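>>> Curious how this folds, go ahead:
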Amino acid sequence: MILVGVAIAFFLIGGDKDSINNSNVNIIDCGKVSEDIDFYNKDYLKENSDIKKNLECSSINLRDCNPSKIIFLNSIESIFSVGGKENNNCIVKYKSGDKAVECKFTLNQLNTIYKSSEEVGNEHLTSRLLIEVLSSLLRSSPIGEHYESNLKSIFGFSSGVDKKIVETEKFKCEIIPA
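Just a heads-up that it's a prediction; the model follows:
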């Protein structure tokens with residue numbers, strides 16, 4: 001009876017084995033959503049509550065650094081995942097096609113990002129907004145001149161950008177094999 005309850009709980013939270021890292025860590029599967037979400041239509045997420053639920057799942061697990069993933073479907077499947085904690089950092093990965101980026105944030109940084117989204121009523125979009133930043137790192141490999149000025153403004157750089165590794169005093173992002 002207890003085993004049945006555990007199995008049901010596991011199924012309900014969407015846990016499965018982490019296929020991204022090929023480890024035995026259980027991750028929460030936040031589902032699949034289309035990348036072409038209509039953010040300009042204020043009623044879009046009200047009318048598509050399943051998408052909002054998936055985005056909330058991803059954003060809350062990002063904030064808490066719980067191993068999780070969400071898949072975005074478009075012409076190229078993209079995966080945003082939280083790998084869990086490592087040396088007081090939270091490992092966040094974004095993979096799109098044959099490119100991937102991995103970042104390390106502190107829990108305090110993730111809470112700050114979440115709270116800033118929460119203050120404007122968009123906490124469910126926290127992971128999606130972070131994906132926009134991470135995807136800008138993948139648009140060219142190495143990171144092209146076109147995106148260098150954007151990265152400087154996003155990350156607060158005052159000088160040149162390393163074309164393979166984006167690192168500030170606050171966190172580090174690195175383009176990795178997909």
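>>> Count residues in the vicinity of Asn111, would you?
16 (other C-beta atoms under 10 Å). All C-beta atoms are positioned from the backbone trio N, CA, C, and that covers glycine.
>>> Nearest spatial neighbour of it, chain-adjacent residues omitted?
Excluding its sequence neighbours, the residue lying closest to Asn111 (C-beta to C-beta, 6 or more residues apart in numbering) is Arg63, at 6.1 Å.
>>> Tell me the predicted confidence for Asn21.
On pLDDT, Asn21 comes in at 44.
>>> do the same with Ser116
At Ser116, pLDDT is 83.
>>> For the host helix or strand of it, buried residues please.
Here Ser116 sits within helix 107-119, counting by DSSP states H and E. Buried positions in helix 107-119, judged by neighbour count with 16 or more other C-beta atoms under 10 Å: 110-111, 113-114, 117.
>>> which other residues reach it?
Contact partners of helix 107-119, identified using C-beta atoms under 8 Å, 6 or more residues apart in numbering, comprise 59, 62-65, 85, 90, 105, 123, 125-126, 129-130, 170-171.
>>> Now do the SS call for Arg70.
Just to correct that, residue 70 is Ile rather than Arg. Three-state call for Ile70 (DSSP: H, G, I helix; E, B strand; the rest coil): strand.
>>> tell me the contacts of it?
Applying C-beta under 8 Å, 6+ apart, the residues near Ile70 are 30-33, 54-55, 57-58, 79-81, 127.
>>> now, which of those residues sits nearest Ser136?
Ser136 lies nearest to Phe80 out of the contacts of Ile70, by C-beta to C-beta, at 13.9 Å.
>>> Low-confidence regions, this structure specifically.
The chain contains residues with pLDDT under 70 at 1-24, 140-171.
>>> For it, which segments count as strands?
Under the criterion DSSP state E, the chain contains strands at 15-17, 26-34, 68-73, 78-86, 89-96, 99-105, 165-167, 172-177.
>>> the inter-axis angle of the last one versus strand 89-96?
Same thing as strand 172-177. 40 degrees (axes from the mean of the first three to the mean of the last three C-alpha atoms, to 10 degrees).
>>> so where's the longest helix in this structure?
Ranked by residue count and defined by DSSP state H, the top helix of the chain is helix 49-64.
>>> With only the CA atoms kept, save that helix in PDB.
Extracted as PDB, the C-alpha positions of helix 49-64 are listed here (Å, rounded to 0.1, in the frame of the first residue of the first chain):
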ATOM      1  CA  SER A  49      -3.800  27.500 -18.300                       C
ATOM      2  CA  ASP A  50      -1.800  24.300 -19.100                       C
ATOM      3  CA  ILE A  51       1.000  26.400 -20.500                       C
ATOM      4  CA  LYS A  52       0.900  28.800 -17.500                       C
ATOM      5  CA  LYS A  53       1.100  25.700 -15.200                       C
ATOM      6  CA  ASN A  54       4.200  24.400 -17.100                       C
ATOM      7  CA  LEU A  55       5.900  27.800 -16.900                       C
ATOM      8  CA  GLU A  56       5.100  28.100 -13.200                       C
ATOM      9  CA  CYS A  57       6.500  24.600 -12.600                       C
ATOM     10  CA  SER A  58       9.800  25.600 -14.300                       C
ATOM     11  CA  SER A  59      10.000  29.000 -12.600                       C
ATOM     12  CA  ILE A  60       9.400  27.700  -9.100                       C
ATOM     13  CA  ASN A  61      11.900  24.900  -9.500                       C
ATOM     14  CA  LEU A  62      14.400  27.300 -10.900                       C
ATOM     15  CA  ARG A  63      13.900  29.600  -7.800                       C
ATOM     16  CA  ASP A  64      14.400  26.600  -5.500                       C
END
